[in-house]
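K.L.:
sequence and predicted model, in that order:
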Amino acid sequence: MRVGVEKLLVVLPLRLVFSLLKYTLFGGTRVKIMRDADIRKILHEVEMKRICALDPSTRVIDELGIFEGKFRIDVAVVNGYLHGYEIKSEEDNLLRLESQQSAYNKVFDKLTLVADEH
């Protein structure tokens with residue numbers, strides 16, 4: 001039985017991840033604008049590396065299409081259960097997020113929203 005998506009959604013604190021990777025602050029007040037590719041790179045270097053180290057049989061799939069390609073999760077982790085990671089950069093709008101969450105909840109056991117500040 002699946003739990004409602006609102007109970008599954010976790011937000012990975014990117015600002016903390018950035019500091020761990022020693023991203024440079026510009027002018028002492030702003031971090032560079034993070035694009036999807038920047039966030040994806042950090043996600044793979046930190047979180048996916050950690051998950052795969054815990055279970056070498058883990059498979060990571062970028063851009064996994066579901067519902068005949070109508071929706072696409074940014075990163076999927078397969079290791080006995082399905083964990084989807086949806087990336088929302090500063091450049092993204094959030095209009096599709098509700099429908100994405102609804103679709104993802106039908107497929108994934110756990111969802112994580114990886115988001116820059118909006």
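P.N.:
Received, thanks. Residues are numbered from 1 along each chain as shown.
K.L.:
phi, psi of Leu97?
P.N.:
phi -60, psi -40 (degrees, to the nearest 10).
K.L.:
doesn't Ala103 make contact with it?
P.N.:
No. Judged on Cβ atoms under 8 Å, Leu97 makes no contact with Ala103 at a distance of 10.9 Å. The C-beta positions use only the backbone N, C-alpha and C, and glycine is treated the same way.
K.L.:
tell me which of these two has more neighbours.
P.N.:
Using other Cβ atoms under 10 Å, the more surrounded residue of Leu97 and Ala103 is Ala103, with 19 against 15.
K.L.:
so the more buried one touches Ile66, yeah?
P.N.:
Yes. With contact defined as Cβ under 8 Å, Ala103 reaches Ile66; the gap is 6.5 Å.
K.L.:
return the set of residues that bridge with the most centrally placed residue in the chain.
P.N.:
In the chain, the residue lying closest to the centroid (Cα atoms, centre = their mean) is Tyr85, at 3.1 Å. Per DSSP bridges, the residues bridged to Tyr85 are Val75, Thr112.
K.L.:
quick one, what contacts it?
P.N.:
Contact analysis of Tyr85 by Cβ atoms under 8 Å, 6 or more residues apart in numbering lists Leu12, Leu43, Glu47, Ile73, Asp74, Val75, Ala76, Val77, Leu111, Thr112, Leu113, Val114.
K.L.:
and it, how far from Asp74?
P.N.:
According to Cβ to Cβ, to the nearest Å, Tyr85 stands 6 Å off from Asp74.
K.L.:
what are the buried residues along stretch 93-109?
P.N.:
By neighbour count on 16 or more other Cβ atoms under 10 Å, the buried set for stretch 93-109 is Gln100, Gln101, Ala103, Tyr104, Asn105, Val107, Phe108.
K.L.:
stretch 40-60 now?
P.N.:
Arg40, Ile42, Leu43, Val46, Glu47, Met48, Cys52, Val60.
K.L.:
secondary structure element for the first one?
P.N.:
Going back to what we said before, that points to Arg40. helix 36-43 (DSSP states H and E).
K.L.:
packing partners for that helix?
P.N.:
Judged by 3 or more Cβ pairs under 8 Å, 6 or more residues apart in numbering; DSSP states H and E, helix 36-43 is in contact with helix 14-20, strand 71-78, strand 82-88.
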